[in-house]
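[1] sequence and computational prediction follow.
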Amino acid sequence: MAYFNSINKIAFEGRHSKNPLAFKYYDAEALVLGKKMKDHFRFALSYWHTLTGGGADMFGQATFERPWDELDGLALAKARASAAFELMEKLGIEYFCFHDLDIAPEGNSLKEKFENLDAIVAHIEALMKQTGIKLLWGTTNAFSHPRFVHGAATSCNADVFAFAAAQVKKAMDITLKLGGENYVFWGGREGYESLLNTDMALENDNYARFLQMAVDYKEKIGFTGQLLIEPKPKEPTKHQYDFDAATVLGFLRKYNLQDHFKLNIEANHATLAGHTFEHELQVSRINNALGSIDANQGDDHLGWDTDQFPTNIYNATYCMVEVLKNGGIAPGGLNFDSKLRRGSFELEDLFIGYISGMDTFAKGLLAAAALVEDGRVDTFIKNRYASYQSGIGKSILDGTVGFDELTAYAMDNDQIVNKSAKQEWLETVVNDVIYNV
Ligand code: XLS
Ligand code: CA
Ligand code: CA
């Protein structure tokens, strides 16, 4: 059964098109720096916002009008899966990602939950075969149900730790069965509200124990995909353990897990942490840990995780500069961890949201490629550090001097001359490039 009958496959019509249901910049097969646009991104649909989100917020009920909402149980789950694949095919999106809870009903026991998952996975597998659409990553929702009130792997209750482990095991099995290329851990409720009731050291150790079990299980079942951790600083808990990229990298190194995990960086999680998106991407990249990207944006005037479809071309440009410098994002991708505003409740708004996000990133990719080719920014950065290419700077890099030698050098060179950082000029270079692509 088709759900979007009035909407045809979305075509690329070029930048002068005024058709809301057409791409203006995203031309999947077009080559950028010798690679197809679609392969730069590996765009993925996020199942939770797109299929299960209804637009409810803490003050009001769901508003979205969805034809599958008449159904419930497994029939609803199957209808949503069929709708997801129709949507992806029409948008030309080749990957999807999901939480276990997004695709199948919870049931009344763990056994029932697993049975529901098996039933729906068979349906999804058939849709994947039929369409050629692939799984970017699977994950587990270990944060919504009341049992996770105190966390999952960091819960004070060992029964919850065990339940979460069973859930992750099953979700990893499914990810393997569906040929998923990554498996994501987002900390959900792994954090705390008050130290008055929290043993932080034990919670941290347990979180590491849990992740080590996931690594062991991955090896046991022969899952060769990438394991990813997604940093987020707050929401739902006040102090999330996976605060930002640097915190997660420090945690992984403390527990000797750094060779097994890369990072899934989300745009608005970066801004909630007080960083820019590109900061988080670059911290990951220079630590050889950039694994995948959740592409969305927050609202400049709201301090929470609004998960909006990305429209900010500067952010998309800086993001794609990082992706290009990373040599691409595969086996990760760019998933739209984005949802519609509550007032955008019509079915076609789903298409408009994705088109807008894909066009924003396409424009960002073109600008990023132009910026790299233009070379003015990279050349400026290189020259800014020229003092390390010879003389005393080179000795510092070579490790041939210490405080004594540097003091002797500084005695004769204490009249320091610095040069301007030229930020305003560099910002006009970026504008110049963006305006002209
Ligand atoms: C929540 C996270 C979540 C993860 C997957 O803020 O973004 O959606 O991506 O659990
Ligand atoms: Ca996310
Ligand atoms: Ca988010």
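    On my side now, so go ahead. Ligands and ions are numbered 1, 2, ... in the order given.
[2] what sits against the residue nearest the centre of the chain?
    The residue lying closest to the centre of the chain (C-alpha atoms, centre = their mean) is D294, at 2.2 Å. For D294, the contacting residues are S46, E230, N264, I265, E266, A267, H269, N335, F336, D337, by C-beta atoms under 8 Å, 6 or more residues apart in numbering. C-beta coordinates here come from the backbone N, C-alpha and C atoms, glycine included.
[3] C-terminal to the strand or helix carrying the third one, what's the next element?
    Right, N264. Per DSSP states H and E: N264 is located in strand 261-266. Counting by DSSP H and E, the next helix or strand C-terminal to strand 261-266 is helix 267-272.
[4] how about the CA coordinates for that following helix, as PDB?
    Coordinates of each C-alpha in helix 267-272 appear next as PDB, following Å, rounded to 0.1, in the frame of the first residue of the first chain:
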ATOM      1  CA  ALA A 267      24.900  19.500  15.300                       C
ATOM      2  CA  ASN A 268      22.600  20.700  18.000                       C
ATOM      3  CA  HIS A 269      24.300  18.600  20.700                       C
ATOM      4  CA  ALA A 270      27.400  20.600  19.900                       C
ATOM      5  CA  THR A 271      25.700  23.900  20.400                       C
ATOM      6  CA  LEU A 272      24.000  22.700  23.600                       C
END
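[5] that helix - what's its average pLDDT?
    The pLDDT scores in helix 267-272 average 98.
[6] ok, residues contacting it?
    230-235, 244, 276-277, 279-281, 293-298, 303-308, 310, 315, 319.
[7] any low-confidence regions in this structure?
    Judged against pLDDT under 70, the chain has no low-scoring part.
[8] try it again at 90.
    Applying pLDDT under 90 to the chain flags residues 1, 69.
[9] looking at it, what residue ends up closest to ligand 1?
    W186 (3.5 Å; C-beta to the nearest ligand atom).
[10] one step back: will you turn the contacts of D294 into JSON lines that also has neighbour count and distance to ligand 1?
    Formatted as JSON lines, those follow (neighbours: other C-beta atoms under 10 Å; distance: C-beta to the nearest ligand atom, whole Å):
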{"residue": "S46", "neighbour count": "24", "distance to ligand 1": "7"}
{"residue": "E230", "neighbour count": "22", "distance to ligand 1": "5"}
{"residue": "N264", "neighbour count": "28", "distance to ligand 1": "7"}
{"residue": "I265", "neighbour count": "32", "distance to ligand 1": "10"}
{"residue": "E266", "neighbour count": "26", "distance to ligand 1": "5"}
{"residue": "A267", "neighbour count": "27", "distance to ligand 1": "10"}
{"residue": "H269", "neighbour count": "30", "distance to ligand 1": "7"}
{"residue": "N335", "neighbour count": "28", "distance to ligand 1": "8"}
{"residue": "F336", "neighbour count": "25", "distance to ligand 1": "11"}
{"residue": "D337", "neighbour count": "25", "distance to ligand 1": "5"}
